[in-house]
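Engineer: Give me a 3D structure for the following:
(one chain, ligands or ions: 1)
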Amino acid sequence: MSTKKRVLIKLTGELFLSHDKKRLTADVFTTLISDLKELHLTHDIGMVIGGGNFFRGNQHGKALGLTASAGHQIGMLATMMNGLIIKDLLEQHGFLVSLFSALTCPEVGESITSQALHEALGAGRILVFVGGTGNPFFTTDTSAILRGLQMGAQEVWKGTSVDGVYSDDPAKTADVTLLPKLSYQQVLKKRYGIMDATAFALAAEHCIPMRIFNIFVPGALMRAGRGEDIGTCITS
Ligand code: UDP
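Structural biologist: Numbers count the residues shown, from 1 in each chain. Down below sits the predicted model:
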């Protein structure tokens with residue numbers, strides 16, 4: 001029986017965008033590889049990848065004049081492309097990886113069953129989840145909580161482009177502070193825009209702790225793995 005901790009890491013697809021957001025790049029992801037190597041010594045790892053670098057239903061689908069569900073389906077396909085990118089990059093660095101897809105596409109990823117997840121984890125593989133929840137009108141934040149629960153993760157980490165949750169919107173107010181700890185109740189009461197409400201409701205219901213931190217800061221993932229108090233931690 002593995003004594004490793006188990007974590008689900010949610011990564012935004014924007015990880016694969018250059019700073020000016022004009023081209024695709026794996027620069028940031030490549031810097032995460034050594035952190036992942038260290039993390040994998042102590043943790044079983046699952047990852048949910050977004051699709052925002054390619055397509056978001058609410059954004060690009062709307063701009064194209066698509067119906068909402070068609071836009072979201074394209075967004076889910078975008079996450080599959082990112083999953084293939086992650087799998088390939090990780091495998092090039094010696095990781096064993098299993099790609100699981102919520103959308104049926106056996107050429108790309110396996111179906112998500114409890115048995116398959118636990119077999120892959122038992123074999124020391126990193127799990128990469130794509131296709132979101134498989135349903136339109138959700139985001140990959142919700143699939144992160146869902147997959148975290150399915151794989152038995154003790155924590156969900158959201159690697160994003162901000163340092164954590166602030167007392168106010170830093171884009172609008174100068175006098176803001178980073179909040180290191182919050183309860184689900186505080187988040188619900190203050191309506192912090194940390195993640196979509198559906199994801200948050202699911203996390204709160206199952207009391208799964210979440211850590212939100214800036215994945216673009218070198219070493220952040222490693223620090224989270226070492227149990228350092230980075231970003232914002234949300235618990236019951
Ligand atoms: N999406 C969806 N259902 C899901 C997950 C994602 O319809 O369960 C669509 C949605 O349009 C979303 C897009 O896929 O905008 C890409 O995911 P997301 O916006 O979460 O990616 P990120 O911002 O994390 O890169």
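Engineer: Now do the same contact list for the closest residue to G219 other than its chain neighbours.
Structural biologist: Nearest residue to G219 in three dimensions, chain neighbours excluded: D35, at 6.8 Å (Cβ to Cβ, 6 or more residues apart in numbering). C-beta here means a position set from N, CA and C on the backbone, and glycine is covered the same way. Applying Cβ atoms under 8 Å, 6 or more residues apart in numbering, we find D35 in contact with 219-222, 225.
Engineer: Check which helices and strands the worst-scoring helix or strand of the chain on mean pLDDT sits against.
Structural biologist: For the chain, using mean pLDDT, DSSP states H and E, the weakest element among its helices and strands is helix 184-190, scoring a mean of 83. If contacts are counted by 3 or more Cβ pairs under 8 Å, 6 or more residues apart in numbering; DSSP states H and E, helix 184-190 sits against helix 197-205, strand 232-235.
Engineer: The longest helix belonging to the chain: what's the following helix or strand?
Structural biologist: Of all the elements of type helix in the chain, the one with the most residues (DSSP state H) is helix 68-92. Once the chain leaves helix 68-92, the next helix or strand it forms, by DSSP states H and E, is strand 97-101.
Engineer: interface residues of the chain facing the ligand?
Structural biologist: By the rule Cβ under 6 Å from any ligand atom, the part of the chain lying against the ligand is 12-14, 50-52, 56-58, 71-72, 75-76, 78-79, 132-133, 135-136, 138-140, 142-143.
Engineer: can you do 5 Å?
Structural biologist: Applying Cβ under 5 Å from any ligand atom, we find that the chain lies next to the ligand at 12-13, 50-52, 56-57, 72, 75-76, 132-133, 136, 138-140.
Engineer: now, which of the residues you listed sits nearest F200?
Structural biologist: T139 (11.2 Å; Cβ to Cβ).
Engineer: Who are the contact partners of the closest residue to the closest one other than its chain neighbours?
Structural biologist: Leaving out its chain neighbours, the residue that sits closest to T139 by Cβ to Cβ, 6+ apart is D196, at 5.0 Å. The neighbours of D196, taking Cβ under 8 Å, 6+ apart as the test, are 138-139, 141-142.
Engineer: try it again with 7 Å
Structural biologist: 139, 141-142 (Cβ atoms under 7 Å, 6 or more residues apart in numbering).
Engineer: which of those residues has the most neighbours?
Structural biologist: D141 (26 neighbours; other Cβ atoms under 10 Å).
Engineer: Does it lie in a helix or a strand, and which?
Structural biologist: Counting by DSSP H and E, D141 is part of helix 140-151.
Engineer: Show me what that helix packs onto, helices and strands only.
Structural biologist: strand 5-11, strand 43-49, helix 114-122, strand 126-130, strand 155-160, helix 197-205 (3 or more Cβ pairs under 7 Å, 6 or more residues apart in numbering; DSSP states H and E).
Engineer: Let's see the third one as PDB, backbone CA atoms only.
Structural biologist: These are the backbone C-alpha positions of helix 114-122, laid out as PDB (Å, rounded to 0.1, in the frame of the first residue of the first chain):
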ATOM      1  CA  SER A 114     -12.500   4.000 -10.600                       C
ATOM      2  CA  GLN A 115     -10.600   0.800 -11.400                       C
ATOM      3  CA  ALA A 116      -8.600   2.300 -14.200                       C
ATOM      4  CA  LEU A 117      -7.600   5.300 -12.000                       C
ATOM      5  CA  HIS A 118      -6.500   3.100  -9.100                       C
ATOM      6  CA  GLU A 119      -4.600   0.700 -11.400                       C
ATOM      7  CA  ALA A 120      -2.700   3.600 -13.000                       C
ATOM      8  CA  LEU A 121      -1.900   5.200  -9.700                       C
ATOM      9  CA  GLY A 122      -0.800   1.800  -8.300                       C
END
